[in-house]
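*Asks:* have a look at this fold, sequence not included:
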């Protein structure tokens with residue numbers, strides 16, 4: 001007789017791609033007008049749970065929203081309230097073991113101390129919102145667009161981590177799209193050039209996961225911190241700044257558009273659930289609305 005005993009599945013791994021400044025209105029326009037330049041993004045969305053209406057927290061600036069992405073709470077709870085915040089500006093809702101609000105990486109270190117986490121980023125502000133004391137390996141690698149394209153940057157620093165064997169969570173952050181927005185404006189030709197480079201980089205990551213046989217046990221999360229406007233700015237309460245994409249693909253997630261409201265701090269809860277972590281009661285993030293397989 002076949003046994004009824006359930007075998008506990010191996011924990012899924014997470015490839016978290018943080019794309020700074022990826023505005024939903026720009027991606028939606030690109031899907032309609034230049035689909036041939038972003039084939040990997042379009043195919044990924046077709047196979048994923050996704051939304052273009054994930055709402056940033058206020059103000060719509062980088063450190064604030066990356067803090068919520070990893071800490072599972074809004075601005076008024078974590079206290080990171082400026083673009084380049086390096087610590088809480090006021091007493092946060094709670095302080096973790098490393099003297100700052102707990103992040104996904106803090107929880108992973110506490111609950112699964114044997115797990116491995118890797119973070120690679122090209123803006124030093126990320127180092128202040130991930131709890132580097134809880135991360136197994138982290139690197140801030142200054143990206144110079146004049147000598148290294150974001151695609152080459154991905155080849156040099158992202159693909160080797162995947163090919164050598166995915167850690168339990170690998171956070172790879174790209175600033176190229178945001179830089180194009182600030183220099184040329186969101187929705188500019190140069191912005192869409194950066195979006196095309198992002199598409200190529202994502203294609204390389206997916207190919208590396210496929211070739212190494214890790215795709216079936218890896219959840220890919222692609223999201224951003226804020227959008228932006230044609231005037232090269234963000235940080236306001238305009239819809240162009242507030243709405244960013246959220247895409248999650250892999251075991252446990254079906255394909256389809258997410259119809260529920262998704263907030264920036266929900267990303268932390270979803271990431272933690274994939275990693276099998278118990279989140280603090282104080283977290284505001286939800287993880288029960290994405291499309292299930």
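*Replies:* Received the coordinates, thanks. Since this is a predicted model, take the numbers as computed values, not measurements.
*Asks:* could I get the full set of helices for the stretch 151-293 of the chain?
*Replies:* 159-163, 176-184, 189-211, 239-242, 266-274 (DSSP state H, counting those that start in this stretch).
*Asks:* who wins for proximity to residue 86 among those helices?
*Replies:* With CB to CB as the criterion, residue 86 lies closest to helix 176-184 of the helices of the stretch 151-293 of the chain, at 18.5 Å. Where C-beta positions appear, they are placed from N, C-alpha and C, glycine not excepted.
*Asks:* list the buried residues of the closest one.
*Replies:* For helix 176-184, a neighbour-count test (16 or more other CB atoms under 10 Å) marks 176, 177, 178, 179, 180, 181, 182, 184 as buried.
*Asks:* could you do stretch 247-259 as well?
*Replies:* Buried, per 16+ other CB under 10 Å, within stretch 247-259: 247, 248, 249, 250, 253, 258.
*Asks:* kindly report the same for stretch 87-94.
*Replies:* 88, 92, 93, 94.
*Asks:* could you do stretch 123-136 as well?
*Replies:* 123, 125, 126, 127, 128, 129, 130, 131, 132, 134, 135.
*Asks:* the fourth one and residue 121 touch, don't they?
*Replies:* Yes. Under the criterion of CB atoms under 8 Å, residue 127 is in contact with residue 121, at a separation of 7.2 Å.
*Asks:* list the residues that contact both of those two?
*Replies:* 138, 140 (CB atoms under 8 Å, 6 or more residues apart in numbering).
*Asks:* about what we covered before: out of the helices of the stretch 151-293 of the chain, which gets nearest to residue 56?
*Replies:* By CB to CB (comparing all of the helices of the stretch 151-293 of the chain), the closest turns out to be helix 239-242, at 5.1 Å.
*Asks:* in the closest one, what's buried?
*Replies:* Buried-residue list, helix 239-242, by 16+ other CB under 10 Å: 240, 241, 242.
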